[in-house]
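Engineer: Give me the fold of what follows.
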Amino acid sequence: MPFCTLGRWLAARVRRPAAHPTVPTVARGTTRLLAKVGLAIAGVALVAACTETATTAVRPAVAGAAPRALKVPISAASAEQVSAGQSTACAVMRGRNLTCWGNNAAGQASPPGDSAFTQVSVGTAHACALRLDGSIACWGANGGGQASPPSGTGFRSVSAGTNYTCAVRGDGTLTCWGDDPASRTGRTNPPVGAGFAQVSAGNTHACALRADGSVACWGGFDFNGGATSPTGTSFTQVSAADHYTCAVVSDGSLQCWGLSGNSMPVPPYHGFTQA
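Structural biologist: Numbering: from 1, shown residues only. Got it, this is the predicted structure:
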């Protein structure tokens, strides 16, 4: 999930559910956390928080200028799951086909045309999706091999990050592929062993959730412990962002750690299912 602009803005500014949660106001530079953090803050369905056909107000590029309007080209009732990247978003529709919109400079808004998908994840300039048979399809920028997934079926989860991708295999082990520059050493080298249920690829680090509720994080360029795995807490979902991480605790609360600018690691309220 790269990634952090909306997550930072929402965590810093939103303190109660919006009166009309299907029309969220988001910061300029919407990221992959749009669908997920919007859900947590508004306390509404993931798709409803991100896919309403009404226009969404966006901050003006120039101070004092009038806000721009962003039209989301799908309805909440027609989508199953949504993922927003740096400047592109994709959705799994109820017919199991994919729809993408936004920046298409690298082909990241041009998904495969078949109708057999269960999950989609959008990174910086590429995206990947999981088919019904557990195989992975990726498209968009591929300079580091991030859009060249391993063959085979049975994968459980996939997450597109910044020029790399991670997935959970059917046996609960992790695999990552793509670019791993010196400044981010280790982000494509996940922990060995089985027992993983979900993975999230951020910018400089990634995290994965084990079946026992523990979280494992890895990668370099660790700001204030963003890639440090917490202990002693049982989680149900995890999301790695730019230089921080958030996860849903088993009691429905949120816990965040890492770079704390703009109060990102201080999430409001309880009752969350996704971060």
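Engineer: pLDDT below threshold where in the stretch 151-275 of the chain?
Structural biologist: For the stretch 151-275 of the chain, applying pLDDT under 70 flags the ranges 182-184, 221-227, 260-273, 275.
Engineer: quick one, strands of it?
Structural biologist: 157-160, 164-168, 174-178, 196-201, 205-210, 215-219, 235-240, 244-249, 254-258 (DSSP state E, counting those that start in this stretch).
Engineer: Strands along the stretch 1-150 of the chain, start to end?
Structural biologist: Going by DSSP E, counting those that start in this stretch, the stretch 1-150 of the chain shows strands at 55-58, 68-71, 79-84, 88-93, 98-102, 117-122, 126-131, 136-140.
Engineer: I'd like those strands laid out as CSV, including mean pLDDT.
Structural biologist: Formatted as CSV, the strands of the stretch 1-150 of the chain follow (pLDDT from 0 to 100):
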stretch, mean pLDDT
strand 55-58, 36
strand 68-71, 56
strand 79-84, 92
strand 88-93, 96
strand 98-102, 96
strand 117-122, 97
strand 126-131, 98
strand 136-140, 98
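Engineer: can I get those in a markdown table with distance to R210 and mean neighbour count?
Structural biologist: Where C-beta positions appear, they are placed from N, C-alpha and C, glycine not excepted. Output for the strands of the stretch 1-150 of the chain, formatted as a markdown table (distance: least, CB to CB, whole Å; neighbours: other CB atoms under 10 Å):
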| stretch | distance to R210 | mean neighbour count |
| --- | --- | --- |
| strand 55-58 | 36 | 15 |
| strand 68-71 | 37 | 12 |
| strand 79-84 | 22 | 23 |
| strand 88-93 | 25 | 25 |
| strand 98-102 | 29 | 20 |
| strand 117-122 | 19 | 24 |
| strand 126-131 | 19 | 26 |
| strand 136-140 | 21 | 22 |
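Engineer: Take these and lay them out in a markdown table including distance to H205.
Structural biologist: Formatted as a markdown table, the strands of the stretch 1-150 of the chain follow (distance: least, CB to CB, whole Å):
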| stretch | distance to H205 |
| --- | --- |
| strand 55-58 | 28 |
| strand 68-71 | 29 |
| strand 79-84 | 19 |
| strand 88-93 | 22 |
| strand 98-102 | 25 |
| strand 117-122 | 16 |
| strand 126-131 | 18 |
| strand 136-140 | 20 |
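Engineer: before we move on, the earlier item: right, so of the strands of the stretch 151-275 of the chain, which gets closest to S148?
Structural biologist: strand 174-178 (6.7 Å; CB to CB).
Engineer: The closest one versus strand 136-140: what angle between them?
Structural biologist: 20 degrees (axes from the mean of the first three to the mean of the last three CA atoms, to 10 degrees).
Engineer: picking that back up, I'd like to know which of the strands of the stretch 151-275 of the chain is closest to A127.
Structural biologist: Nearest of the strands of the stretch 151-275 of the chain (CB to CB): strand 157-160, 5.5 Å.
Engineer: counting contacts, what elements does that closest one pack onto?
Structural biologist: Counting contacts by 3 or more CB pairs under 8 Å, 6 or more residues apart in numbering; DSSP states H and E, strand 157-160 is packed against strand 117-122, strand 126-131, strand 164-168, strand 196-201.
Engineer: what's the closest of those to A84?
Structural biologist: strand 117-122 (6.2 Å).
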